[in-house]
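>>> the sequence and its predicted three-dimensional model are supplied below.
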Amino acid sequence: MKWLAKWVLCACALLGVTYLYPGVSVASFGTALLAAMVIGLLNLLLRPLLVLLTLPVTLLTLGLFLFVINALMFYWAAQLLDGFSVDGFGAALLGSLIYTAFGVVIDAALERLFPQR
């Protein structure tokens, strides 16, 4: 039940990003659901590999390169889907920052609603 709530709330967060920042657009709630799933899958499958491969750069930048990796996941998801668009890498960077901020709030709320036993 928790993952379903997180998925729907992340789709709502993606719609919130489109409302707050004009560089990111989502055509519909269904597209937002699909985009949230694709972003989640990219973060699950590709992000750990990219973090490992870019570890020297991440260390040199004191972790700031992780923002670039998040932006890449956001940008690639937009490239894979119709109805979800990002106006370039700068828009992906800012959009992913807003989306991550929403995600932190969602995770905190879901931890309070669904505490681990």
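Looks like it arrived, so ask away.

>>> tell me how many other residues crowd the spatially closest residue to Asp87 that is not a sequence neighbour.
Distances taken as C-beta to C-beta, 6 or more residues apart in numbering place Gly23 nearest to Asp87, at 4.3 Å, with adjacent residues excluded. Quick note: C-beta positions are derived from backbone N, CA and C, even for glycine. Residue neighbour count, defined by other C-beta atoms under 10 Å, stands at 16 for Gly23.

>>> cool, Thr18 as well?
18.

>>> now the residue nearest to Asp87, what are its backbone angles?
Here is the backbone geometry of Gly23 (degrees, to the nearest 10): phi -80, psi -10.

>>> confirm for me that Leu46 is in contact with Met73.
Yes: using C-beta atoms under 8 Å, Leu46 is in contact with Met73, at 6.9 Å.

>>> so what touches the longest helix belonging to the chain?
Criterion DSSP state H: the longest helix present in the chain is helix 89-113. Helix 89-113 is contacted from outside by 2, 5-6, 9-10, 13-14, 16-17, 20-21, 23-24, 39, 67-68, 70-75, 78, 86, using C-beta atoms under 8 Å, 6 or more residues apart in numbering.

>>> list the contacts of Gly88.
Gly88 neighbours (C-beta under 8 Å, 6+ apart): Gly23.

>>> phi and psi next, for it.
Taking degrees, to the nearest 10 as the convention, Gly88 sits at phi 110, psi 180.

>>> going forward, begin numbering at 589 instead of 1
Fine by me, first position is 589 from now on; the one you just mentioned is Gly676.

>>> tell me the pLDDT at it?
The model reports Gly676 with a pLDDT of 93.

>>> returning to what we had before: now a ChimeraX select for only the buried ones of the contacts of helix 677-701.
Listed next is the ChimeraX selection for buried residues among the contacts of helix 677-701, using 16 or more other C-beta atoms under 10 Å:
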select :594,597,598,601,602,604,605,609,611,612,627,656,658,659,660,661,662,663,666,674
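
>>> nice, that's everything, thank you.
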